[in-house]
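Peer 1: predicted model follows, preceded by the sequence.
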Amino acid sequence: MDSDRTCRVVRPGPTIVGKQALTYAPAISAETVGSTGLHMQLVTLPPGARARAHLHEAHETALHVLSGVAGTWYGERLEHHLWSRAGDFVYIPAGVPHLPYNASRTETCTAVIARTDPNEQESVVLRPELDALRPPEGDVMA
């Protein structure tokens, strides 16, 4: 069998802080397994953590929340909001600005992220002009 077509078990690698200011543990990617269309990783949001407003150009994102509660502002002016809790799946279309945050002051939020960009950080476009639209402490749950 061609070595490029080998099934593999991958453990999350060392954590990194992405452009979005969140902590990731990359697992499946172009760099780790030679993926050409998929990236999977863990994201951890400590209590009260907040990402920088951003979007992923031409790449869809799906998340499965493992623990905790997160809020996400999304839309061209971050005018929409959703809550996601342990057990929920979240879909973010390509090119949609979003700003996720941990809604708890005491509990960590952890999720598995899958994206159609095998090089996770390459499609990240920061939207700093949107960061001020939502206060850092907005909608934090007790």
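Peer 2: Happy to help now that I have it. Residues are numbered from 1 along each chain as shown.
Peer 1: for stretch 115-128, buried residues please.
Peer 2: The neighbour-count check on stretch 115-128 (16 or more other C-beta atoms under 10 Å) flags 115, 117, 118, 120, 123, 124, 126, 127 as buried. C-beta here means a position set from N, CA and C on the backbone, and glycine is covered the same way.
Peer 1: try stretch 56-68
Peer 2: 56, 59, 61, 63, 65, 68.
Peer 1: which pair of those residues spans the longest distance?
Peer 2: Within these, 59 and 68 form the most distant pair, 24.4 Å apart (C-beta to C-beta).
Peer 1: hang on, the earlier thing: tabulate the buried residues of stretch 115-128 in JSON lines, adding columns for secondary structure.
Peer 2: Output for the buried residues of stretch 115-128, formatted as JSON lines (DSSP: H, G, I helix; E, B strand; the rest coil):
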{"residue": "115", "secondary structure": "strand"}
{"residue": "117", "secondary structure": "coil"}
{"residue": "118", "secondary structure": "coil"}
{"residue": "120", "secondary structure": "helix"}
{"residue": "123", "secondary structure": "helix"}
{"residue": "124", "secondary structure": "strand"}
{"residue": "126", "secondary structure": "strand"}
{"residue": "127", "secondary structure": "coil"}
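Peer 1: thanks a lot, catch you later.
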